[in-house]
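# Following is a predicted model, sequence given first.
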Amino acid sequence: MTRPDQWRLPLRADILRAAALRPHAPPRLLRAADAVLDGKFTWEEVASGQCAHPFARSLFTPKAQETVWPLLQQVADELTPPPELRVRRPPPADDDEDDDFSFRTYRVKGP
């Protein structure tokens, strides 16, 4: 199962789940959502592309690329913050104790 060329992000279960809850979700996505609720497969299995169930596979057909994938891309864009809003992690702290001045006491010499 392949994703459309215009798909910019990895397919995630939360994207599928949120798209299936939209009021105008395509019927093939709603059928897959019903199958998930029935316990036939999970959104994680669909997102990985490893689910062999016909309703899951129907999300990867050329017709789904026209009907389902634009909605998935819209939901993904809404759920994924733009790069400038993503939290940047600081570089890993150096364990060198000589750089840790928090436990040192300093005196200010008078004039």
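Thanks, I have the structure now. Residues are numbered from 1 along each chain as shown.
# What average pLDDT does stretch 44-59 get?
On average, the pLDDT along stretch 44-59 is 93.
# next one: stretch 66-86
For stretch 66-86, mean pLDDT rounds to 84.
# in that stretch, what's buried?
68-69, 71-73, 75-76 (16 or more other Cβ atoms under 10 Å). From N, CA and C alone the C-beta is placed, and that goes for glycine too.
# mind listing which of these are in helices?
69, 71-73, 75-76 (DSSP state H).
# Any chance of those in a markdown table with distance to R31 as columns?
Formatted as a markdown table, these follow (distance: Cβ to Cβ, whole Å):
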| residue | distance to R31 |
| --- | --- |
| W69 | 16 |
| L71 | 14 |
| L72 | 15 |
| Q73 | 20 |
| V75 | 18 |
| A76 | 21 |
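# Nearest to R12 among those?
Nearest to R12, judged by Cβ to Cβ, of these is A76 at 7.6 Å.
# Quick check: the closest one vs R28, distance?
18 Å (Cβ to Cβ, to the nearest Å).
# how far does stretch 27-45 stretch from start to finish?
With Cα to Cα, to the nearest Å as the measure, stretch 27-45 spans 19 Å from end to end.
# I'd guessed L11 sits against E44; true?
No. Using Cβ atoms under 8 Å as the test, L11 is too far from E44 to be in contact (10.4 Å).
# State the distance from R57 to T80.
R57 is 25 Å from T80, by Cβ to Cβ.
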